[in-house]
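Peer 1: Test case, fold it:
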Amino acid sequence: MTLSCDIKYFSLVCIQKSWYFNLDPSRVITNGLCGEDTAVLFLTLPGYAASLQFTFKKGATLDFYVTDLAAHLSPRPVCLGCANKTYSGSITHDKLFAAGDGQSFKCSSVSLLSTSSELRIKLVRLQVQAFRVPTFLYGQEVDCWTDFYKELIPIIIGATVLTLVLTALLTFLLIKDRHRTGYVRI
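Peer 2: Numbering: from 1, shown residues only. Predicted coordinates:
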């Protein structure tokens, strides 16, 4: 079993005072465990100042999804003499980032996940795949709903504008033809 993950940027947000901790992806250490129908991906910073743990589960219909997501943040104090505070949170038994067998889940939009009353995770440009990763490349991409709607809205607006233009053109042609009937000049 193999596991592949590409998270370009993620940040942990402490809600209480709206502090943002952006984590540099080049410093993130990745590790993981793979089983027959469960895989775990660990993303940690040196010194364990912050960590994310994704637990992937293989579904009955040969799909995969994240069932558990745990976050831990131990930032340096924001001022001299301030006490260290540790923030933790988790999301359990959810079907996050679902994709089919041999496919990867991709989301270019911002994903904001609330793990506790004090901690939210903001993932940007996320792509994950578990269980059937061909030679460390991603399989066919499954877009998240946010990306899907961003592509769908311009198509709907374009179709609406085209319909209005065609309706106006046909109405003009029908009115123009109707005025020609009647008396003919000699």
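
Peer 1: quick one: pLDDT of the nearest residue to Pro77 once chain neighbours are set aside?
Peer 2: Residue nearest to Pro77 in three dimensions, not counting chain neighbours: Asn84, with 5.8 Å by C-beta to C-beta, 6 or more residues apart in numbering. Bear in mind the C-beta positions are built from the backbone N, C-alpha and C, glycine included. Confidence at Asn84, expressed as pLDDT, is 77.

Peer 1: would you say Val165 is within a strand?
Peer 2: No: counting by DSSP: H, G, I helix; E, B strand; the rest coil, one finds Val165 to be helix, located in no strand.

Peer 1: Could you check which helix or strand contains the most centrally placed residue in the chain?
Peer 2: Centroid-nearest residue in the chain: Cys107, 3.5 Å away (criterion: C-alpha atoms, centre = their mean). Cys107 is part of strand 103-114 when elements are defined by DSSP states H and E.

Peer 1: List the buried residues for the next helix or strand after that strand?
Peer 2: The C-terminal neighbour of strand 103-114 among helices and strands, as given by DSSP H and E, is strand 119-130. Within strand 119-130, the residues that count as buried by 16 or more other C-beta atoms under 10 Å are Leu119, Arg120, Ile121, Leu123, Val124, Arg125, Leu126, Gln127, Val128, Gln129, Ala130.

Peer 1: so strand 119-130 versus strand 103-114, what angle?
Peer 2: For strand 119-130 against strand 103-114, the angle by axes from the mean of the first three to the mean of the last three C-alpha atoms, to 10 degrees is 170 degrees.

Peer 1: Helix, strand, or coil at Ile153?
Peer 2: helix.

Peer 1: Ok, Gly47 next?
Peer 2: Quick answer, by three-state DSSP: Gly47 is helix.

Peer 1: what's the burial count for it?
Peer 2: Neighbour count for Gly47, taken as other C-beta atoms under 10 Å: 7.

Peer 1: do Thr67 as well
Peer 2: Thr67 is flanked by 17 other residues according to other C-beta under 10 Å.

Peer 1: mind listing what the strand or helix carrying it pairs with, with the direction of each?
Peer 2: Thr67 belongs to strand 64-73 when assigned by DSSP H and E. Next to strand 64-73 in the sheet, as set by DSSP bridges, lie strand 50-58 (antiparallel), strand 87-99 (antiparallel).

Peer 1: How about the residue nearest to the centre of the chain, nearest residue that isn't a chain neighbour?
Peer 2: In space, and not counting its chain neighbours, Cys107 is closest to Cys144: 3.6 Å by C-beta to C-beta, 6+ apart.

Peer 1: Kind regards, and thank you for your time.
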